[in-house]
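[1] sharing a model prediction with you, sequence too.
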Amino acid sequence: MGSTAIRPGIFTVGVIDWDRRMFDSLIPLPDGTSYNSYLVKGSQKTALIDTVDPAVEGVLLRHLQELGIEKLDYIIAHHGEQDHSGSIPAVLQQFPDAKVVTNPKCKGMLIDLLRVPETQFIEVQDGETLSLGDRTLKFLYTPFVHWPETMVTYLAEEKILFSCDFFGSHLATTDLYVTDEGRSHESAKRYYAEIMMPFHTNIEKNLQKLQGYDIEIIAPSHGPMHNRPEFILKLYHSWVFDEPRNIAVIAYTSMHGSTKMMVRHLNEALRQKGIEVKQFDLADSDIGKLAASLVDAATIVIGTPTVLAGPHPNTVLAAYLTNALRPKLKNAAIIGSYLWGTRAVDILKGLMPNLNVQILDPVMVRGLPRDEDYANLDKLAEAIAEKHKALPMPSSWHIA
Ligand code: FEO
């Protein structure tokens with residue numbers, strides 16, 4: 001039996017994908033993921049909340065069959081992205097009388113992405129409710145967690161929030177609820193960085209919108225559920241609202257060693273000034289870890305050698321992603337090396353227009369760094385330390 005009862009008549013029917021290693025052909029999944037789908041039975045109607053990635057649609061259908069589900073009244077579609085909506089056509093094939101319940105924006109997406117017939121939908125507005133008999137689903141629009149149409153569902157009688165991507169994590173585990181808070185903190189932070197951080201102003205509004213709801217369980221669409229919601233709510237609050245911390249991220253690549261020598265020197269100089277440093281060699285770094293490190297860092301330093309007069313492509317990707325993720329960074333600097341000429345600094349600066357940062361003086365070195373170049377790196381470390389002076393120290397994962 002692949003389903004588990006959360007409460008009488010409420011089941012997890014989704015799929016754990018232990019082996020998936022990449023999402024959107026972009027995001028590494030070192031710990032796999034899950035596509036959580038929930039079945040809610042009321043005294044009169046039965047609803048399926050989200051489906052699963054179409055690659056594993058057969059597993060979802062088997063879970064429903066094992067539960068003896070012969071009639072499905074509603075499929076609640078929180079979000080158009082296919083890891084949750086992609087099995088709707090297969091579920092409809094099995095349960096042709098089921099109605100897809102969603103908002104108008106998501107309806108349009110599901111028609112475009114999956115060719116779900118228009119007649120199959122029931123549209124719901126923000127705050128609207130749907131009775132299952134003795135249970136009531138309340139739909140709350142929560143735009144940009146993750147796409148503009150995304151919404152969540154509050155089951156008032158059970159105080160369960162079905163939160164879709166909001167509060168999720170890419171983590172394959174047999175734990176129904178978060179048990180290992182350290183591990184969950186790491187995967188939830190990484191997930192927040194990759195999926196939510198670009199929309200952090202919307203996340204802020206959506207967190208405020210949920211404040212009036214009494215929530216005992218948060219049931220997201222990826223990763224384990226939260227039966228101590230304050231754990232994830234406090235983390236989100238900290239990631240969204242807190243000032244960046246006394247952390248510098250160095251993302252670099254090196255071809256013949258000059259840039260690496262500079263990075264080593266700068267790393268040590270920063271640490272001597274009491275700054276926590278997170279360093280990533282972009283030749284083989286996990287970009288999810290880099291993204292997570294940007295959630296609470298105050299400074300990014302990009303280290304690049306010069307290739308064909310510009311920055312190394314690895315650093316172009318890092319600058320582009322950093323710009324797209326819109327972290328709360330306050331400062332940025334570029335260091336690196338060249339031999340006969342370079343436009344690396346201007347090109348990298350031009351790739352980060354979204355960042356509300358002060359660009360510190362770059363340190364670009366012809367060939368191997370000399371004493372004066374190391375002195376300039378020391379000056380850069382001093383400038384960063386000065387900017388970090390009033391910032392809070394990094395916190396451990398545990399938030400009291
Ligand atoms: Fe898990 Fe935005 O889909």
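    Sure, I can see it.

[2] make it CA atoms for all contacts and neighbour counts henceforth
    Noted.

[3] could you pull up the residues touching Ile250?
    Shown here is Ile250, whose contacts under the criterion CA atoms under 8 Å, 6 or more residues apart in numbering are Val263, Asn267, Val277, Lys278, Gln279, Phe280, Ile300, Val301, Ile302, Gly303.

[4] closest one of the residues you listed to Gly58?
    Of all the contacts of Ile250, the one sitting nearest Gly58 is Phe280; the distance, using CA to CA, is 39.9 Å.

[5] confirm the closest one sits in a strand?
    Yes: assignment of Phe280 by DSSP: H, G, I helix; E, B strand; the rest coil places it within a strand.

[6] that older thread, the contacts of Ile250 in strands, which ones?
    Secondary structure defined by DSSP state E assigns Val277, Lys278, Gln279, Phe280, Ile300, Val301, Ile302, Gly303 of the contacts of Ile250 to strands.

[7] could I get the residues you listed as a markdown table with neighbour count?
    Converted to a markdown table, those look like this (neighbours: other CA atoms under 10 Å):
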| residue | neighbour count |
| --- | --- |
| Val277 | 20 |
| Lys278 | 17 |
| Gln279 | 19 |
| Phe280 | 20 |
| Ile300 | 27 |
| Val301 | 23 |
| Ile302 | 26 |
| Gly303 | 30 |
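
[8] these: which ones sit near the ligand?
    Of the residues in the ones in strands among the contacts of Ile250, proximity to the ligand by CA under 6 Å from any ligand atom holds for none.

[9] now the residues you listed as JSON lines including pLDDT?
    Below are the ones in strands among the contacts of Ile250 laid out as JSON lines (pLDDT from 0 to 100):
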{"residue": "Val277", "pLDDT": "98"}
{"residue": "Lys278", "pLDDT": "98"}
{"residue": "Gln279", "pLDDT": "98"}
{"residue": "Phe280", "pLDDT": "98"}
{"residue": "Ile300", "pLDDT": "98"}
{"residue": "Val301", "pLDDT": "98"}
{"residue": "Ile302", "pLDDT": "98"}
{"residue": "Gly303", "pLDDT": "98"}
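
[10] what does the stretch 101-250 of the chain have sitting close to the ligand?
    By the criterion of CA under 6 Å from any ligand atom, the positions of the stretch 101-250 of the chain lying close to the ligand are His146, Asp165.

[11] please report the distance of the nearest residue to Ala298 once chain neighbours are set aside from Met151.
    If the residues on either side of it in the chain are set aside, Ala298 comes closest to Leu329, at 4.5 Å by CA to CA, 6 or more residues apart in numbering. Using CA to CA, to the nearest Å, one obtains 29 Å as the distance from Leu329 to Met151.

[12] more neighbours: which of these two?
    When Leu329 and Met151 are compared on other CA atoms under 10 Å, the one with more neighbours turns out to be Met151, at 27 against 24.

[13] who is the more buried one paired with across the strands?
    Each beta-bridge partner of Met151 is listed here, defined by DSSP bridges: Tyr141.

[14] show me the contacts for it.
    His78, His79, Phe139, Leu140, Tyr141, Thr142, Pro143, Val145, Ser163, Cys164.

[15] kindly recompute the last result at 6 Å.
    Met151 makes contact with His78, Leu140, Tyr141, Thr142, according to CA atoms under 6 Å, 6 or more residues apart in numbering.

[16] circling back to that earlier point, any chance of the ones in strands among the contacts of Ile250 in TSV, with distance to Pro96 too?
    Converted to TSV, these look like this (distance: CA to CA, whole Å):
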residue	distance to Pro96
Val277	56
Lys278	52
Gln279	53
Phe280	51
Ile300	53
Val301	55
Ile302	54
Gly303	56
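
[17] and which of the residues you listed is nearest to Pro104?
    Proximity of the ones in strands among the contacts of Ile250 to Pro104 was ranked by CA to CA; the top entry is Ile300 with 40.3 Å.

[18] on that earlier part again, okay if I get the contacts of Ile250 as a markdown table plus distance to Thr174?
    Rendered in a markdown table, the data for the contacts of Ile250 read as follows (distance: CA to CA, whole Å):
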| residue | distance to Thr174 |
| --- | --- |
| Val263 | 41 |
| Asn267 | 39 |
| Val277 | 34 |
| Lys278 | 31 |
| Gln279 | 32 |
| Phe280 | 31 |
| Ile300 | 37 |
| Val301 | 39 |
| Ile302 | 39 |
| Gly303 | 40 |
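
[19] for the longest helix seen in the chain, buried residues please.
    Across the chain, the helix with the greatest residue count (assigned by DSSP state H) is helix 371-388. Within helix 371-388, the residues that qualify as buried by neighbour count (16 or more other CA atoms under 10 Å) are 373-374, 376-381, 383-385, 387-388.

[20] point out where the protein drops to low pLDDT.
    Low-confidence segments of the chain, defined by pLDDT under 70, are located at 395-400.

[21] quick check: domain ranges of it?
    Domain segmentation of the chain under automatic domain parsing yields 4-241, 247-387.

[22] export the ones you listed as TSV, with columns for distance to Met393.
    Formatted as TSV, the entries for those read as follows, by distance: least, CA to CA, whole Å:
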stretch	distance to Met393
domain 4-241	13
domain 247-387	8
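
[23] kindly provide the distance from Leu130 to Lys379.
    As it turns out, when the distance is counted by CA to CA, Leu130 lies 62 Å from Lys379.

[24] and for Gly182?
    Between Gly182 and Lys379 the distance, using CA to CA, works out to 36 Å.

[25] with Val295 instead?
    Applying CA to CA, one obtains 26 Å for the distance of Val295 from Lys379.

[26] over to Arg62?
    Remark: distance between Arg62 and Lys379 (CA to CA) = 63 Å.

[27] can you give me the strands for the stretch 251-400 of the chain?
    Using DSSP state E, counting those that start in this stretch, the strands of the stretch 251-400 of the chain run over 276-281, 297-307, 310-311, 331-338, 358-359, 363-366.
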